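Novice: Task: produce atomic coordinates for the following.
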Amino acid sequence: MEQQQIFELIKAERARQDEKYGEENRANSNYKWLTILTEELGEVAMSINDGEPTDILVGELTQVAAVCVQWIEKLKGGER
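Specialist: Presented below is the predicted three-dimensional model:
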């Protein structure tokens with residue numbers, strides 16, 4: 001998979017997050033973002049431990065990346 005395809009996956013996941021959570025995530029503190037990110041990383045670990053297929057692991061990693069992007073957006077005050 002090429003980088004551009006990976007970035008498109010992350011972009012699509014960000015759109016899904018916005019649709020699901022809306023503006024409520026914009027007010028999250030850094031502590032809340034850390035909690036969200038840690039939960040997502042836990043899902044990556046569970047996927048590995050459970051021996052799930054690569055596509056599931058890629059999905060979990062995409063969610064981690066999208067959370068990081070959203071956190072950075074919040075810190076920089078930017079909108080998508």
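
Novice: Quick check: the gap between M46 and A15.
Specialist: 25 Å (CB to CB, to the nearest Å). (Each C-beta comes from the backbone N, C-alpha and C, glycine too.)

Novice: what's the answer for I48, then?
Specialist: Relative to A15, and taking CB to CB, I48 is found at 26 Å.

Novice: Send me the helix or strand encompassing E8 as CSV with only the CA atoms.
Specialist: Counting by DSSP states H and E, the element that carries E8 is helix 3-21. The C-alpha trace of helix 3-21 is given here as CSV (Å, rounded to 0.1, in the frame of the first residue of the first chain):
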residue,chain,number,x,y,z
GLN,A,3,1.6,6.4,1.4
GLN,A,4,-1.1,8.2,-0.5
GLN,A,5,-3.5,5.3,0.0
ILE,A,6,-2.7,5.2,3.7
PHE,A,7,-3.4,9.0,4.0
GLU,A,8,-6.7,8.5,2.3
LEU,A,9,-7.6,5.8,4.8
ILE,A,10,-6.8,8.2,7.6
LYS,A,11,-8.7,11.0,6.0
ALA,A,12,-11.8,8.8,5.6
GLU,A,13,-11.5,7.7,9.3
ARG,A,14,-11.3,11.4,10.3
ALA,A,15,-14.5,12.0,8.4
ARG,A,16,-16.1,9.0,10.1
GLN,A,17,-15.0,10.4,13.5
ASP,A,18,-16.5,13.8,12.8
GLU,A,19,-19.8,12.2,11.7
LYS,A,20,-19.9,10.0,14.8
TYR,A,21,-18.7,12.4,17.5
